[in-house]
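Peer 1: Provided below are the primary sequence and the corresponding predicted coordinates.
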Amino acid sequence: GRTKCLNFYELENTFRLIDMPGYGFNMPEHFVESVESYISSRRNLTRTFLLIDSKVGILSTDKIAFKMFEEFSIPYVIILTKIDKCRHHLLLKNLFSVLKTQNQIICFPQPFLVSSLTGEGIPFLQTFIAYITGNIAVKSLER
C-alpha cells in the first residue's frame with residue numbers, strides 16, 4: 001500500500017515502529033522538509049530502515065535520504081523489497097549499486113533482501129530487529 005502519513009506502532013512496550021511515507025513518485029512537496037524535521041529532532045531514534053524496490057534500484061530520492069541520515073548521523077539499514085518479482089541479474093546489479101553507494105560507517109553493511117509475497121528474507125530481518133531492540137540476546141562464542 002501507500003503510506004500517506006506517519007503511522008505509529010508500539011510493539012508490547014518493547015519498541016516503536018514508525019512507518020513513514022516513502023520518497024518517490026507521489027511524494028508531496030513538503031515531504032522532504034517534514035521528514036528531515038522529524039528525523040533530526042528524534043534523539044531516541046535507534047535505526048532507520050530505507051526500503052528500496054529491487055526492480056527499480058536506487059533513486060535520486062534515496063540518495064537524498066542517505067545524505068540526510070549521514071548529516072544527522074542516523075544509523076540506517078537498507079532493505080531491498082519485492083525480490084520475488086526481480087530477475088536475478090537485475091537484483092545483483094541493484095544490490096551491487098547499493099553496496100557501492102551506502103556509507104559503510106553509518107549504514108548497516110549488509111542490505112536485507114525480502115519478499116512480502118513469499119516471505120523470503122523476512123525471518124532474517126525480524127531477527128535483526130529483535131536483536132537491535134534488545135528483545136533477543138546473542139550468546140558470545142568465546143569460552
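Peer 2: Alright, I've got the coordinates. Residues are numbered from 1 along each chain as shown.
Peer 1: what about Tyr9, is that helix, strand or coil?
Peer 2: strand (DSSP: H, G, I helix; E, B strand; the rest coil).
Peer 1: and what of the one 4 residues further on?
Peer 2: Here Asn13 is recorded as coil under three-state DSSP.
Peer 1: swap in the one 3 residues further on?
Peer 2: Judged by three-state DSSP, the three-state class of Arg16 is strand.
Peer 1: OK, contacts around it?
Peer 2: Arg16 is in contact with 8-10, counting by C-beta atoms under 8 Å, 6 or more residues apart in numbering. Backbone N, C-alpha and C define where each C-beta goes, glycine included.
Peer 1: go on, Leu90?
Peer 2: For Leu90, the contacting residues are 54-55, by C-beta under 8 Å, 6+ apart.
Peer 1: try 10 Å this time
Peer 2: Leu90 sits next to 54-57 when contact means C-beta atoms under 10 Å, 6 or more residues apart in numbering.
Peer 1: let me know the closest of those residues to Glu120.
Peer 2: Checking the contacts of Leu90 against Glu120 with C-beta to C-beta, the nearest one is Ser54 at 11.3 Å.
Peer 1: contacts only, for the closest one.
Peer 2: 79-87, 90-95, 98, 111, 113-115.
Peer 1: got a ChimeraX select line for the buried ones in those?
Peer 2: With 16 or more other C-beta atoms under 10 Å as the criterion, this ChimeraX line picks the buried residues out of those:
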select :79,80,81,82,83,86,91,94,95,98,111,113,114,115
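Peer 1: show me the contacts of Ser54 that map onto helices.
Peer 2: Among those, the members found in helices (DSSP state H) are 90-95, 98.
Peer 1: which residue ranges of this protein form helices?
Peer 2: Under DSSP H, the chain gives helices at 31-41, 60-71, 88-101, 122-132.
Peer 1: and the nearest residue to Cys107 once chain neighbours are set aside, how far from Leu117?
Peer 2: Distances taken as C-beta to C-beta, 6 or more residues apart in numbering put Tyr76 closest to Cys107, at 5.4 Å, once the chain neighbours are dropped. According to C-beta to C-beta, to the nearest Å, Tyr76 stands 24 Å off from Leu117.
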